[in-house]
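*Asks:* after the sequence you'll find the predicted model.
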Amino acid sequence: MQIVFIAGQAGLGKTTVAKMIAEKAFGLGLKPVLESFAKPIKDAAADKGFTKEEFPDKYRRFCQRLGALKRSQNEDYWVDRMRRRLVEVKQEEDADISSGVKYWERVVIIDDCRYLNEIKLGTEENAFLMFLSRGRKAVKAGAWRNHESERLAKEIDNNKLSPFREMFSYILDNDIPFSELEAHVQEITPIICGLDAESNAECDCPSCRAGDFDTNALWRELLDSLDEMGGEEIDDEETE
């Protein structure tokens, strides 16, 4: 099973890139599985009648509040749910292998990695960690940009020397025409999915250097850095 985590600011095309990877992966004989940490939250929003297309502000506010509520009760609530989901997908893959299914290998693509503990899960699962950067593209302004869920991605985008950039296997600037983005994603998908020999080569990325340092100490240091950046919660009146 291959796993891909995609991080980046809201509205920059993470889901679009995830679908591009899935389409190419399917053509390579893999079984793509599109997942997100926020899927249960989005389902709850839909039950309340809030859709991203019809009520974008209410939808986003509801999702952020529900996500924050569960994290206040258990910081790893959504991470634990995703961990269990990955186990389920692996079990499905094992069942296909046992049944002699020709195309059995899954590639799980998670398109909404926003928090440090989510990235840590990706590291623990040996996932390919991609950051979708705005590059020179302007992003839509809004009070919700100040929410804690945007803090990490903003720091990585706005500070080219940020230590958080070192956590990622690949940083892709999405400031190019759609056709060029699509062609580029198709080109790198075999590497992302572990099908290209280059992906098995030793490199100097943090994941490959994991045995050379205390990874827990690294995460503590990054977490302290993130706390120092601060952040604001959304004011109801700002999003009405």
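*Replies:* Yes, it's here. Numbers count the residues shown, from 1 in each chain.
*Asks:* once you drop chain neighbours, what's closest to Y170?
*Replies:* Spatially, and ignoring its direct neighbours in sequence, Y170 is nearest to M130 (5.0 Å; C-beta to C-beta, 6 or more residues apart in numbering). Where you see a C-beta, it was placed from the backbone N, CA and C, and this is true even at glycine.
*Asks:* can I assume that neighbour sits in a helix?
*Replies:* No: secondary structure of M130 (DSSP: H, G, I helix; E, B strand; the rest coil): strand, not part of a helix.
*Asks:* hang on, it packs against I3?
*Replies:* No: checked against C-beta atoms under 8 Å, the pair M130 and I3 is beyond contact range at 11.2 Å.
*Asks:* between the two, what contacts are shared?
*Replies:* Counting by C-beta atoms under 8 Å, 6 or more residues apart in numbering, M130 and I3 have no contacts in common.
*Asks:* more neighbours: those two, which one.
*Replies:* A direct count of neighbours by other C-beta atoms under 10 Å for M130 and I3 places M130 higher, at 27 against 23.
*Asks:* distance of the more buried one relative to D111?
*Replies:* M130 sits at a distance of 10 Å from D111 (criterion: C-beta to C-beta, to the nearest Å).
*Asks:* next one: K19
*Replies:* Distance of K19 to D111, computed by C-beta to C-beta: 8 Å.
*Asks:* what segments of the protein are helices?
*Replies:* In the chain, the helices defined using DSSP state H lie at 14-27, 39-47, 56-73, 77-99, 116-124, 148-158, 178-192, 215-229.
*Asks:* neighbour count: K19 and D111, which is higher?
*Replies:* Higher neighbour count among K19 and D111: D111, with 25 against 16, using other C-beta under 10 Å.
*Asks:* I'd assumed I21 was in contact with the more buried one.
*Replies:* No: checked against C-beta under 8 Å, the pair D111 and I21 is beyond contact range at 9.1 Å.
*Asks:* what's near enough to touch the residue nearest to Y170?
*Replies:* V4, F5, I6, A7, V17, F168, S169, Y170, I171, L172, I192 are the contacts of M130 under C-beta under 8 Å, 6+ apart.
*Asks:* and what of D76?
*Replies:* Contacts here follow C-beta under 8 Å, 6+ apart; on that basis D76 touches N117.
*Asks:* quick one: it and R134, what's the gap?
*Replies:* Distance, D76 to R134, by C-beta to C-beta: 28 Å.
*Asks:* which ones are touching the residue found closest to A38 once you drop the neighbours it is linked to in the chain?
*Replies:* When the adjacent residues along the chain are set aside, A38 lies closest to D112, with 5.3 Å between them (C-beta to C-beta, 6+ apart). Contacts for D112 (C-beta under 8 Å, 6+ apart) come out as I6, K14, T15, S36, F37, A38.
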